[in-house]
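Student: quick one: sequence and predicted model below, then my questions.
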Amino acid sequence: MGSAASPYPRLSLVVPVFNEEEAAPVFLKTVSPILEQVCAQLGRGAYAEVVFVDDGSRDGTLDAIRNTPVPGVTVRVVRLSRNFGKDAALTAGLAHAQGDAVVPMDVDLQDPPDLLPEMVRLWQEGALIVNAVRADRSSDSWAKRRSAGLFYALYNKISTYPLTANVGDFRLLDRQVVTILNTLPERVRFMKGLFSWVGYRATEVSYSRPERSAGETKWKFFSLWNFALDGITGASTLPLRIWTYVGTFVALTSFLYMIFLVIRTIIFGIDTPGYASTMAAILMIGSLNLIALGIIGEYVGRIAVEVRQRPLFVIDRVETVNDAAQTADKST
Ligand code: UDP
Ligand code: MG
């Protein structure tokens, strides 16, 4: 915990906002006494900041933030030039947050600030990541819960770094983790995927997800769909590469089918002229196409991985378990 740069522990909340003039003041008012409590918990000199990322709001969000007095809490706003989407906004916020611990949060209080003292306590005890798990999602619609469930199941089947189900962007990240996130150069930023890609052992706290405090959800069906596509294509090349195997399977079964057709023709004679040969041609060309697509997929998949330029590994820490020089000193 803590960093060498500042002697005092610092906490940053990163809050993307898009047209949230109603919710932003409510958020600030709710969060500021909790932040004071957290600062007291962190000890003398501790400091908390709220970094809003204004994701191209077209309403009075900025003024609403400016006009809400919050003594004892530093509030900064990173304004984006237009709406770039929540994940881009989060990326901007993570890059600007100065804290030793950084917590991305929604402005609508669906990520309850009451959890902050507990999350910070776990961080003080040494956790590098503290996930806030939604134990109860009954405030989301049935369709949203169901599609989210399917998405997590599919994602975790095909990705090498599983997402923890029911964890949103609300989590505490140590500076060490934020630094790595900030170095990932990829353009399509599915933050949940990146959070889990980084690794490290995560500690959990659970909560039940409340309703939105004010305003309405910014997500439409298609943005969720595209979000899911970003997530899956960012985590796996399986959808590209699967076609070689599908093609091979089709080729094998159609080969058996062709043998069957030939034998049937030999024994029973021709009932529909040209049927056997046409089928044979269609099946063969079809499966050849699939196999060829799959081979191209293998290359495209590798290009996709190379282009993302993620680091090859992330080091948790390096330990000297036994120092030969020192052991030698002691024994002489
Ligand atoms: N948000 C954003 N840019 C967008 C859409 C949403 O910064 O293009 C912010 C929004 O202001 C809120 C958070 O992302 O702070 C979560 O949005 P919302 O509550 O609408 O999503 P939900 O909770 O319904 O998934
Ligand atoms: Mg919300």
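Tutor: Received, thanks. Ligands and ions are numbered 1, 2, ... in the order given.
Student: okay, and the beta partners of Val50?
Tutor: When assigned by DSSP bridges, Val50 has beta-bridge partners Leu13, Val75.
Student: tell me the helices and strands packed up against the strand or helix carrying Phe260.
Tutor: Here Phe260, judged by DSSP states H and E, is contained in helix 238-268. Packing contacts for helix 238-268, counted by 3 or more CB pairs under 8 Å, 6 or more residues apart in numbering; DSSP states H and E, involve helix 275-308. Yep, even glycine has a C-beta here, placed from its N, CA and C like the rest.
Student: distance from the helix it packs on to the middle of the chain?
Tutor: Computed by CA atoms, centre = their mean, to the nearest Å, the chain-centroid distance of helix 275-308 equals 31 Å.
Student: pull out the buried positions in it.
Tutor: Of all the residues in helix 275-308, those buried under the rule 16 or more other CB atoms under 10 Å are Ala276, Ala280, Leu283, Ser287, Leu290, Ile291, Leu293, Gly294, Gly297, Gly301, Ala304.
Student: do you know how far the third one is from ligand 1?
Tutor: From Leu283 over to ligand 1 the distance is 46 Å, taken as CB to the nearest ligand atom, to the nearest Å.
Student: equivalent analysis for the fourth one, please.
Tutor: In this structure, Ser287 and ligand 1 are 43 Å apart, going by CB to the nearest ligand atom.
Student: tell me how far Ala276 lies from Ile259.
Tutor: 11 Å (CB to CB, to the nearest Å).
Student: likewise for Thr164?
Tutor: Thr164 is 49 Å from Ile259, where distance means CB to CB.
Student: looking at these two, which is more packed in?
Tutor: Between Thr164 and Ile259, Thr164 has the larger neighbour count (other CB atoms under 10 Å), namely 15 against 10.
Student: about what we covered before: what angle sits between the helix holding Phe260 and helix 275-308?
Tutor: Interaxial angle of helix 238-268 relative to helix 275-308 (axes from the mean of the first three to the mean of the last three CA atoms, to 10 degrees): 170 degrees.
Student: okay, buried residues for helix 238-268 please.
Tutor: Buried residues in helix 238-268, counting neighbours by 16+ other CB under 10 Å, are found at Leu240, Arg241, Trp243, Thr244, Gly247, Val250, Ala251, Ser254, Met258, Leu261.
Student: so for the buried residues of helix 275-308, which is the shakiest by pLDDT?
Tutor: Note: of the buried residues of helix 275-308, the lowest pLDDT belongs to Ala276, at 75.
Student: now the residue nearest the centre of the chain, nearest residue through space, not along the chain?
Tutor: Note on the chain: the residue nearest the mean C-alpha position is Lys192, at 1.1 Å, using CA atoms, centre = their mean. Excluding the flanking residues, the one nearest Lys192 by CB to CB, 6 or more residues apart in numbering is Leu163, at 5.8 Å.
Student: what residues are up against that neighbour?
Tutor: Tyr152, Tyr155, Asn156, Lys192, Gly193, Ser196 (CB atoms under 8 Å, 6 or more residues apart in numbering).
Student: which one among the buried residues of helix 275-308 gets closest to ligand 1?
Tutor: Ranked by distance to ligand 1 (CB to the nearest ligand atom), the buried residues of helix 275-308 are led by Ala304 at 25.0 Å.
Student: looks like that closest one contacts Thr237 (just checking).
Tutor: Yes: applying CB atoms under 8 Å, one finds Ala304 in contact with Thr237, separated by 6.0 Å.
Student: so, in contact with ligand 1 or not, stretch 168-175?
Tutor: No: Stretch 168-175 lies apart from ligand 1 when judged by CB under 6 Å from any ligand atom; the minimum separation is 7.4 Å.
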